[in-house]
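Colleague: Attaching a predicted model along with its sequence, questions to come.
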Amino acid sequence: MLTLRDLMSHDPVTLEPEMTLREALGELTTAGVSGAPVVTTGNRLVGVLSASDILGFQESSPPVPSHRPEQEEWEEWGPADELEADLSEPPSAYFRAMWDASSADLAERMAEPESPEGDLLSEHTVGEVMTRRAVVLSPDANAADAARLMVGKGIHRIIVTEDDLLVGIVSSLDFVRAVAEGKL
């Protein structure tokens, strides 16, 4: 029986919860991986961060407009009890209507960290965005069962721990490699 111990990378890239998202993205890019376990002192697993987590965070964050047109004239507001709130749209819709630049493309916003919009990835940490409930198995888990679990959950990696300590990671690529080498 093939186990995760037979497939896993024994020294995976790891991230720390205090790292900025930009630093983490640099680590993932340099290592050529799309996700990594997040650990604290002593290799204690606290979560996992994937490129999908970063993209989801970036996409869900409302863009900051780069400029605001001059207001010709301010309307006078009546007493608070006379105001009717339109709760059908999120509050950010107000700003999207005011600034054309607010709909800047996600890839464009990520590529220009020095833009007037600021660098959202440098202002937030891995701990804010990571998935806290990582899928974790022991090194002796059956590889075929792990593969079925990955397919069922739609994930690309399983974190391998022993006594609550990170000992490795098994990714989709590890399974492809095992198939290519005739192990599966």
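Modeller: It's in.

Colleague: Only C-alpha atoms from now on, for both contacts and neighbour counts.
Modeller: OK.

Colleague: Do you know the pLDDT at A93?
Modeller: For A93, the model assigns a pLDDT of 54.

Colleague: no, scratch that, I was asking about V151
Modeller: V151 is given a pLDDT of 94.

Colleague: contacting residues for it?
Modeller: Contact criterion C-alpha atoms under 8 Å, 6 or more residues apart in numbering gives no residues in contact with V151.

Colleague: What strand or helix carries it?
Modeller: helix 143-153 (DSSP states H and E).

Colleague: Identify each buried residue in that helix, please.
Modeller: For helix 143-153, burial by neighbour count (16 or more other C-alpha atoms under 10 Å) applies to 143, 146-147, 150.

Colleague: again, but for stretch 175-184
Modeller: Of the residues in stretch 175-184, those buried (16+ other C-alpha under 10 Å) are F175.

Colleague: pLDDT on that stretch, on average?
Modeller: On average, stretch 175-184 scores 90.

Colleague: one step back: the buried residues of helix 143-153 into TSV, with extra columns for distance to E23?
Modeller: Shown next, in TSV, are these (distance: C-alpha to C-alpha, whole Å):
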residue	distance to E23
A143	32
A146	30
A147	30
M150	27
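
Colleague: returning to that earlier point: render the CA-only coordinates of the helix holding V151 in CSV, please.
Modeller: Presented in CSV, the C-alpha positions along helix 143-153 are these (Å, rounded to 0.1, in the frame of the first residue of the first chain):
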residue,chain,number,x,y,z
ALA,A,143,-2.4,7.6,-0.8
ALA,A,144,-5.5,6.4,-2.8
ASP,A,145,-7.8,7.5,0.1
ALA,A,146,-6.0,10.9,0.2
ALA,A,147,-6.4,11.4,-3.6
ARG,A,148,-10.2,10.7,-3.2
LEU,A,149,-10.3,13.2,-0.4
MET,A,150,-8.6,15.8,-2.5
VAL,A,151,-11.0,15.3,-5.4
GLY,A,152,-14.0,15.3,-3.0
LYS,A,153,-13.0,18.5,-1.3
